[in-house]
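Visitor: Provided below for reference: sequence and predicted model.
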Amino acid sequence: MSQERLKKQLAFTLELDKLKKIERQSYLSDSSRHENDSEHSWHLALMAMLFGEYANEPVDILRVMKMVIIHDTVEIDAGDTYAYDTTGNATKREREEKAADRIFNILPEDQAKEMRALWEEFEAGETPEAKFANALDRVQPLMLNDITDGRAWREHGISAEQVLTRNKHVKDSSEELWNHVQSLVEKNVELGNLKK
């Protein structure tokens, strides 16, 4: 292994430290502050380890974990776009592709291609692994909203219909998780945390 290769890998590793500064809209479970992208990605990797048994079809959990660990890497440049922000979502793909071009290419070429391919696979959401990774990415903020009495939902005036529409693809990957999504939405409507 060359020193140049290690230098690029170290540079990428340090670049990804910036994810710790990218705030999301979800609050930590104690509601003390917003979570950041690195915390979110770690949480999803843990969920992949634990919830793999609930996938509708067999999935390569290591591949799912790789996807969820790097899926928000592009937000270092593109920023976090709130799930229900229609204006921000209109330019999201363009901003994220530009970020992917820069950030993944910090790595040696073979690893840059691997990371970019994982990110593209996640974004496309077509393979069993990508579907499951995306399901986890939908369920995690929903869990945090539930435990914080819908704090982020209430701050943004989010409705049950918006949450169900955003999360409808969870069913394609995991019936079990979809049932959980529906029960959390119903509960939070009853509690007034989500608009009807």
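Guide: Happy to help now that I have it.
Visitor: show me what contacts residue 92?
Guide: By Cβ atoms under 8 Å, 6 or more residues apart in numbering, the contact set of residue 92 is 78, 81. C-beta coordinates here come from the backbone N, C-alpha and C atoms, glycine included.
Visitor: secondary structure class for residue 57?
Guide: State at residue 57, reduced to three classes by DSSP: H, G, I helix; E, B strand; the rest coil: coil.
Visitor: what's the neighbour count on it?
Guide: A total of 11 residues lie near residue 57 under the criterion other Cβ atoms under 10 Å.
Visitor: look at the nearest residue to it once chain neighbours are set aside and report its pLDDT.
Guide: What sits nearest to residue 57 in space, not counting adjacent residues and going by Cβ to Cβ, 6 or more residues apart in numbering, is residue 128, at 5.1 Å. Residue 128 is assigned a pLDDT of 98 by the prediction.
Visitor: so residue 128 sits against residue 52, correct?
Guide: No: Residue 128 is beyond contact range of residue 52, at 11.0 Å (criterion: Cβ atoms under 8 Å).
Visitor: overlap in contacts of these two?
Guide: With Cβ under 8 Å, 6+ apart, residue 128 and residue 52 have common neighbours residue 59.
Visitor: surely residue 26 is within a strand?
Guide: Yes: the assignment for residue 26 is a strand, going by three-state DSSP.
Visitor: report how many residues lie close to the closest residue to residue 20 other than its chain neighbours.
Guide: Residue nearest to residue 20 in three dimensions, not counting chain neighbours: residue 38, with 4.7 Å by Cβ to Cβ, 6+ apart. Residue 38 has 17 neighbouring residues, counting by other Cβ under 10 Å.
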